[in-house]
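Undergrad: okay, sequence plus prediction incoming.
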Amino acid sequence: MSPTVFQTARLILRPLRSADADAITRLIGDWDVIRWLTMPPWPYTRADAEWFIGDGSSDGAFAIEQNGAPVGVVSLSEELGYWLGKPFWGQGLMTEAVEAIVANHFAQCQASIRSAYIPGNTASCNVLSKLGFRDSGIRIAYSKPLGCEVALRAMELTAQDWANRNPFPLQTDRLILRPLENTDWRDLQRIGGQSRVARMLFSVKSPWSEPDVKSWLDKSKWRGRPGFRLAVTQKDGAFIGTVGIGGQPLSCNYMLDPDHWSRGYATEAMRAFLSACFARFPIEAVDAAHFVDNPTSGRVLEKLGFEKTGEATGFSAARLEKAPEVLYRLTRSRLKANP
């Protein structure tokens, strides 16, 4: 379930409240604001604000709050829409708010986002362009404030464009975590194809054929939401493993070159990775598991704040039979409490 409140560096995005009616009436009732919109009536009254808040027309809408007071609205249902009170223009607040809403959308689904602006609204054009929206043509709409039809500049942002503009490189004291690339397949095969590594994983065979490696790699690529793996490299670029998150229920995984075991790399990489995932995506908990004959992985998970939740039997593509495993879960609060 999506969170009902988002927090950015300077803003809180939350559902609209009846107490917001006065601020909304005052801010959107400025002609310099409302003339760039199509749906609100003009002149705009408090009754209009009350209707918008309480009628359900505000589904998918969030108040943009700064210092405890609403400064604008951003919404995303069938289309992305937004406005900001004139006293707050020119500070980058709208880009900050829209980015949070867009990031949450793509963390949950891959559907493209559509938006539009009235030509001449340079500020709105800049917000969309900065976030990667592309021009998708002209469409005609009726503007209630202007009392006539207007030619809107339609814009669209795809999940792939969003992912391309928002890569996922991370750095720790000793490591770099980056999106997987097609050329990584040989390193993946060299590490994951080893029997002592593959036996501790769920989906890797030993030996690991080139077609299987490349298929695994393609499914693991960064696409802007959970369901991806990152390459773990040393600062000189040497490929030493992967970390990943995905599935239902959401779970995490990692593998590491045996030549680099017992150096704390797995804990270092996973701590950075999970911290970034909890910060970036609307998730509250992540599961993990390790086979009973891999107690080292259990120690890594416990260092990260994971708690045991039970036992089961799991299947590895590199084992002949199912094997006992230990189940774990990490909550957002446990990660925060575990430096």
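TA: Arrived safely, thanks for sending. Quick caveat: nothing in here was measured; it's all calculated off a predicted structure.
Undergrad: quick one: the helices in this structure, in order.
TA: Per DSSP state H, the chain carries helices over the ranges 21-28, 31-34, 46-54, 93-108, 122-130, 159-165, 185-192, 195-198, 210-219, 265-280, 295-303, 332-337.
Undergrad: looking at those, which is closest to Gly247?
TA: Taking Cβ to Cβ, helix 210-219 is the member of the helices of the chain nearest to Gly247, at 11.3 Å. Yep, even glycine has a C-beta here, placed from its N, CA and C like the rest.
Undergrad: hmm, who's touching the closest one?
TA: Residues outside helix 210-219 that contact it (Cβ atoms under 8 Å, 6 or more residues apart in numbering) are 180, 182, 184-185, 188-189, 192-193, 203-205.
Undergrad: export the helices of the chain to JSON lines and tack on distance to Arg319 and mean neighbour count?
TA: Output for these, formatted as JSON lines (distance: least, Cβ to Cβ, whole Å; neighbours: other Cβ atoms under 10 Å):
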{"stretch": "helix 21-28", "distance to Arg319": "60", "mean neighbour count": "19"}
{"stretch": "helix 31-34", "distance to Arg319": "63", "mean neighbour count": "15"}
{"stretch": "helix 46-54", "distance to Arg319": "57", "mean neighbour count": "17"}
{"stretch": "helix 93-108", "distance to Arg319": "33", "mean neighbour count": "20"}
{"stretch": "helix 122-130", "distance to Arg319": "49", "mean neighbour count": "17"}
{"stretch": "helix 159-165", "distance to Arg319": "34", "mean neighbour count": "17"}
{"stretch": "helix 185-192", "distance to Arg319": "14", "mean neighbour count": "19"}
{"stretch": "helix 195-198", "distance to Arg319": "9", "mean neighbour count": "16"}
{"stretch": "helix 210-219", "distance to Arg319": "16", "mean neighbour count": "15"}
{"stretch": "helix 265-280", "distance to Arg319": "21", "mean neighbour count": "19"}
{"stretch": "helix 295-303", "distance to Arg319": "15", "mean neighbour count": "17"}
{"stretch": "helix 332-337", "distance to Arg319": "30", "mean neighbour count": "13"}
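Undergrad: in JSON lines: those, plus distance to Gln234.
TA: Shown next, in JSON lines, are the helices of the chain (distance: least, Cβ to Cβ, whole Å):
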{"stretch": "helix 21-28", "distance to Gln234": "52"}
{"stretch": "helix 31-34", "distance to Gln234": "52"}
{"stretch": "helix 46-54", "distance to Gln234": "54"}
{"stretch": "helix 93-108", "distance to Gln234": "29"}
{"stretch": "helix 122-130", "distance to Gln234": "34"}
{"stretch": "helix 159-165", "distance to Gln234": "25"}
{"stretch": "helix 185-192", "distance to Gln234": "12"}
{"stretch": "helix 195-198", "distance to Gln234": "18"}
{"stretch": "helix 210-219", "distance to Gln234": "20"}
{"stretch": "helix 265-280", "distance to Gln234": "9"}
{"stretch": "helix 295-303", "distance to Gln234": "18"}
{"stretch": "helix 332-337", "distance to Gln234": "25"}
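Undergrad: tell me which of the ones you listed sits nearest to Gly147.
TA: helix 31-34 (12.1 Å).
Undergrad: what's the closest one packed up against?
TA: Using 3 or more Cβ pairs under 8 Å, 6 or more residues apart in numbering; DSSP states H and E, the elements in contact with helix 31-34 are strand 80-84.
Undergrad: now mean pLDDT and distance to Glu78 too, for the helices of the chain, in a markdown table please.
TA: Below are these laid out as a markdown table (pLDDT from 0 to 100; distance: least, Cβ to Cβ, whole Å):
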| stretch | mean pLDDT | distance to Glu78 |
| --- | --- | --- |
| helix 21-28 | 96 | 20 |
| helix 31-34 | 96 | 21 |
| helix 46-54 | 92 | 16 |
| helix 93-108 | 90 | 12 |
| helix 122-130 | 94 | 16 |
| helix 159-165 | 87 | 17 |
| helix 185-192 | 97 | 40 |
| helix 195-198 | 96 | 46 |
| helix 210-219 | 96 | 30 |
| helix 265-280 | 94 | 25 |
| helix 295-303 | 96 | 42 |
| helix 332-337 | 82 | 31 |
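Undergrad: tell me which of these sits nearest to Ile12.
TA: Nearest of those to Ile12, taken as Cβ to Cβ: helix 93-108 at 9.7 Å.
Undergrad: helices and strands around that closest one, which ones?
TA: The helices and strands touching helix 93-108, judged by 3+ Cβ pairs under 8 Å, 6+ apart, are strand 6-7, strand 12-15, strand 61-66, strand 69-76, strand 80-84, helix 122-130, helix 159-165.
Undergrad: I'd like the ones you listed written out as TSV, with distance to Gly29 added.
TA: Converted to TSV, these look like this (distance: least, Cβ to Cβ, whole Å):
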stretch	distance to Gly29
strand 6-7	26
strand 12-15	21
strand 61-66	16
strand 69-76	13
strand 80-84	11
helix 122-130	18
helix 159-165	34
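Undergrad: no further questions, thank you.
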